[in-house]
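Visitor: my questions concern the predicted model and sequence given below.
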Amino acid sequence: MQKTLEKNAAQTTENSTLARNEGLPFNTKYFDFININRSAIERRVSTLTGRRSVKKEFQAAWLLKAISMIDLTTLAGDDTRGNVLRLCEKAKNPVRKDILKSLNMQDANLTTGAVCVYHTLIPFAKEALKGTSIPIAAVSTGFPAGKISLEEKLTEIKKSVAAGAKEIDIVISRDLVLESKWQELYNEIRLCREACGEAHMKTILATGEIPTYTKVAKASWVAMMAGSDFIKTSTGKESVNATLAVSLVMIRCIRDYYELTGCKIGYKPAGGIQKAKQALDYLILIKEELGNDWLTPELFRFGASSLLGDIERQLEHYVTGRYSASFRHPMA
Ligand SMILES: O=C[C@H](O)COP(=O)(O)O
């Protein structure tokens, strides 16, 4: 397992020199022809999780890797300094020391990929993460509905960056997708990317509010062309959030964009990913469709508030042979 983690660390270093996506000039020729066959997509993902599984020590190694790719998230109306500080402690020490010791991973410096909070909570995350390299991700642009003016969106992004966010998760205006106003969508995302400056931008499509996979694919293309560093499924607040099927649609766009431009765009499924088994399914999908290059925090994140608790529980089971109650693995 030590070897697997060392290999993962080497992969991360390689990817940390990744050039940012500068985007492409707007042109509908890249996506006009797209027409997604829903049943083919759903068939592909249903066979994937049946055919493939990861067992025993490989499963433990994959779960540790999954932890390094979690944007540990709290986006609740009752967030306080206290729960953000506790969440950050969990990001710094995601797995109990005794479990890590049994896995011989106590010196691996395992942390989550980032901590994701609302803008007003950034100072508390900054205080708690001081001295670490864990980035703060902030949700901006009128999260989750995005129903504020473009000017306000840009101001919000700039404020979050100034407050210390190194990653900005923006929400797009879903009406522009519903009405196929692709050029307007492109302009909006472009301006957001400019406002982000050095901060990496993850563009949330809110796929649960987009009626067809064809539109999800077109919106993915527009987001990448406009300079997004990551494309992300959901806010976690829609009635349907991340699914494997919508992920397949989006990561195939990432693959095609890479083939066209040579630029690797990151992927972040978010919302409703609560179980270790779900995380493994996503990792298998990414490995099969995009390859190992994408299995690093630079190119893949889970947006999840409670997934880490189940992963820790499964690791404890791997080590002790016993399951503990979920409340023994609190997030904050
Ligand atoms: O971006 C992250 C999501 O808001 C987290 O959703 P979740 O609470 O369902 O894990």
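Guide: Now that the structure is in, tell me what you want to look at.

Visitor: find the nearest non-adjacent residue to the closest residue to the ligand within the stretch 51-200 of the chain, please.
Guide: Of all residues in the stretch 51-200 of the chain, residue 73 sits closest to the ligand, at 4.2 Å by C-beta to the nearest ligand atom. (Each C-beta comes from the backbone N, C-alpha and C, glycine too.) Leaving aside its chain neighbours, residue 73 sits nearest to residue 116 (4.1 Å; criterion: C-beta to C-beta, 6 or more residues apart in numbering).

Visitor: got a list of what residue 75 touches?
Guide: 116-118, 139, 143-144, 235-237, 305 (C-beta atoms under 8 Å, 6 or more residues apart in numbering).

Visitor: by neighbour count, which of those wins?
Guide: Among the contacts of residue 75, residue 116 has the most neighbours (other C-beta atoms under 10 Å), with 32 neighbours.

Visitor: pretty sure that residue contacts residue 76?
Guide: No - Residue 116 lies out of contact with residue 76 (C-beta atoms under 8 Å); the separation is 11.8 Å.

Visitor: filter the contacts of residue 75 down to the ones in strands?
Guide: Judged by DSSP state E, strands contain the following of those: 116-118, 139.

Visitor: all the strands of this structure, in order from the start?
Guide: 70-73, 114-118, 136-140, 167-171, 200-204, 230-232, 266-268, 302-304.

Visitor: apart from its neighbours in sequence, what residue is nearest residue 44?
Guide: Excluding the flanking residues, the one nearest residue 44 by C-beta to C-beta, 6+ apart is residue 248, at 6.1 Å.

Visitor: so what's that neighbour up against?
Guide: Applying C-beta under 8 Å, 6+ apart, the residues contacting residue 248 are 41, 44-45, 285, 289.

Visitor: what is the neighbour count of the residue of the stretch 51-200 of the chain closest to the ligand?
Guide: The burial count for residue 73: 27, using other C-beta under 10 Å.

Visitor: likewise for residue 30?
Guide: That count, for residue 30 with other C-beta under 10 Å as the rule, works out to 19.

Visitor: buried set for the longest helix along the chain?
Guide: Across the chain, the longest stretch assigned as helix under DSSP state H is helix 244-261. For helix 244-261, the buried set under the neighbour-count rule, 16 or more other C-beta atoms under 10 Å, comprises 244-258, 261.

Visitor: model confidence over that helix, on average?
Guide: The average pLDDT for helix 244-261 rounds to 98.

Visitor: ok, that helix near the ligand or not?
Guide: No - applying C-beta under 6 Å from any ligand atom, one finds helix 244-261 separated from the ligand by no less than 14.0 Å.

Visitor: just give me how far that helix sits from the chain centre.
Guide: Offset of helix 244-261 from its chain centre (C-alpha atoms, centre = their mean, to the nearest Å): 15 Å.

Visitor: what's the nearest residue in this structure when you look at the ligand?
Guide: residue 236 (2.4 Å).

Visitor: so what's that residue up against?
Guide: Contacts of residue 236 (C-beta under 8 Å, 6+ apart): 73, 75, 144, 270-272, 303, 305.
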